[in-house]
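Colleague: I'll drop the sequence and a predicted model, then ask my questions.
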Amino acid sequence: MSLPHGTHWGVIGCGVIGERRCLQLPVGVQISTCFDINHERAQRLAEKLGGTHGTTKVAATLEEFLATPGLEAVIIAAINSELVPLAQACLNKGLHILVEKPAARSIRELEQLKNPHGRIIKIGFNHRFHPAFERLHEELAKDPADPIMFIRAQYGNGARVGFENEWRAKIELGGGGELLDQGVHVLDLGAVLIPDLDVVAGYTRTHFWNMPVDDNTWAILRSPESGATFTFHVSSTEWKNEFRFEVYTRRCKYQWLGLGRSYGTERLLIHRMKPEMGPPESEEITFSKDDQSWLLENENFLGAIRRHLHVNGGLEDAVRALSLVEDIYQSSRRLQHGAKDHPRWYGDHETGMGASPFDRTPNETLADETSAEKLN
Ligand SMILES: NC(=O)c1ccc[n+]([C@@H]2O[C@H](COP(=O)([O-])OP(=O)(O)OC[C@H]3O[C@@H](n4cnc5c(N)ncnc54)[C@H](O)[C@@H]3O)[C@@H](O)[C@H]2O)c1
């Protein structure tokens, strides 16, 4: 198979996020091959990407995918239990990878990943690339003498009928519940602004969905150094999708509201306190309705490969976020089962059934369990 000139990437996992990412490619990049254990999904995506002109192929097997000539990098957007083995297969072939968050079901699993050819590993932390966050970051950097006192975040969606049957609801496939799913983004954002966060307390609970993983998690974290505090609630019973991320300094309150789409228009509100206090001076910045974060993150990945740019959201950030996730699960188990030491990971929270480390589920059962349309 000879390929046209350009930069050739492939995608493994052609569900909601694989597709979304591939439709937001930097100029000059094209997806030459798609692979999904659900062949129809790969076919559908290839057609959207130009398969009708023969430029995007569908690989029948992972081996065929990895043998694609001229492939430089791979987007890996399969279900959580498959992320590490797929990442490993690509790294062994010398391919750069952009692997979706949470990158693995646990730190233990992530630590098994080896990078024998020293390739770029980018983790899909697209929330870092939302313009409101970038602007918030810039505003905070303007005044280092006005440190963060605390951050309060809320992130959630209402899931969908049949959610309890999807891979996200199964410990062995998803690795955790809402905390590992949307919570990992919130933790990553918090840790960008307060890098030395550690967990004061966490509480996970399954309120609604009939599944052995959390559908709601609350947590308090803090910086031991500065005392900056971070609290959040993530939920898959948030009946009206919501994202809010609020940062308080001694002189300002910043509110990042919305992510576009079903999470509402993305906005940054800056409320500046006056010396005499009283009502602050407020400014509101509204961002484009289109969510550009996927494109910007893909561009960062390309820049890291081609121009040695800093990887914004790399492996060490996934390790940090997963470590906080595991500490929150641990804290919740302590709360619910007493102070004795519990294994660091998984399940066994209120209403949970308990969990053992993962037994791999045969691939042939996975296709039916993945979710087709969802989230936003
Ligand atoms: N960055 C974000 O904001 C964001 C949002 C949602 C999901 N995600 C992550 O993206 C990944 C995919 O989530 P999704 O919502 O697109 O799920 P999905 O169920 O829509 O898609 C997953 C796809 O992976 C395929 N798959 C499963 N095992 C495979 C294997 N071994 N080889 C090839 N394909 C395989 C499934 O058939 C399915 O088509 C997850 O890791 C999830 O955590 C990230």
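Modeller: The structure has been received and is ready for your questions.

Colleague: all contacts plus neighbour counts: C-alpha atoms, from now on.
Modeller: OK.

Colleague: need the contact partners of stretch 301-315.
Modeller: 26, 96, 98, 120-125, 128, 297, 300 (Cα atoms under 8 Å, 6 or more residues apart in numbering).

Colleague: which positions within that stretch qualify as buried?
Modeller: Buried residues in stretch 301-315, counting neighbours by 16 or more other Cα atoms under 10 Å, are found at 301-302, 304-305, 311-315.

Colleague: turn these into JSON lines, columns for secondary structure and pLDDT.
Modeller: Listed next are these as JSON lines, based on DSSP: H, G, I helix; E, B strand; the rest coil; pLDDT from 0 to 100:
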{"residue": "301", "secondary structure": "helix", "pLDDT": "98"}
{"residue": "302", "secondary structure": "helix", "pLDDT": "97"}
{"residue": "304", "secondary structure": "helix", "pLDDT": "98"}
{"residue": "305", "secondary structure": "helix", "pLDDT": "97"}
{"residue": "311", "secondary structure": "coil", "pLDDT": "98"}
{"residue": "312", "secondary structure": "coil", "pLDDT": "98"}
{"residue": "313", "secondary structure": "coil", "pLDDT": "98"}
{"residue": "314", "secondary structure": "strand", "pLDDT": "98"}
{"residue": "315", "secondary structure": "helix", "pLDDT": "98"}
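
Colleague: which one of the residues you listed is nearest residue 211?
Modeller: Distance ranking of the buried residues of stretch 301-315 against residue 211, using Cα to Cα, places residue 315 first at 29.4 Å.

Colleague: hmm, back to that, would you point out the most distant pair within the buried residues of stretch 301-315?
Modeller: Every pair of the buried residues of stretch 301-315 checked by Cα to Cα; the farthest is 302 and 315, at 16.2 Å.

Colleague: burial measure for the residue in the stretch 151-300 of the chain positioned nearest to the ligand, as a count.
Modeller: Distances between the stretch 151-300 of the chain and the ligand by Cα to the nearest ligand atom are smallest at residue 181, namely 5.8 Å. The tally of other residues near residue 181 (other Cα atoms under 10 Å) stands at 20.

Colleague: pretty sure it is touching residue 103, no?
Modeller: No - in this structure residue 181 lies outside contact range of residue 103 using Cα atoms under 8 Å: 10.8 Å.

Colleague: tell me the spacing between the residue sitting nearest the centre point of the chain and the ligand.
Modeller: The chain has residue 101 as the residue nearest its centroid, 3.6 Å off, counting by Cα atoms, centre = their mean. Distance of residue 101 to the ligand, given as Cα to the nearest ligand atom, to the nearest Å: 5 Å.

Colleague: if we ignore the residues flanking it in sequence, what's nearest that residue?
Modeller: Excluding its sequence neighbours, the residue lying closest to residue 101 (Cα to Cα, 6 or more residues apart in numbering) is residue 124, at 4.9 Å.
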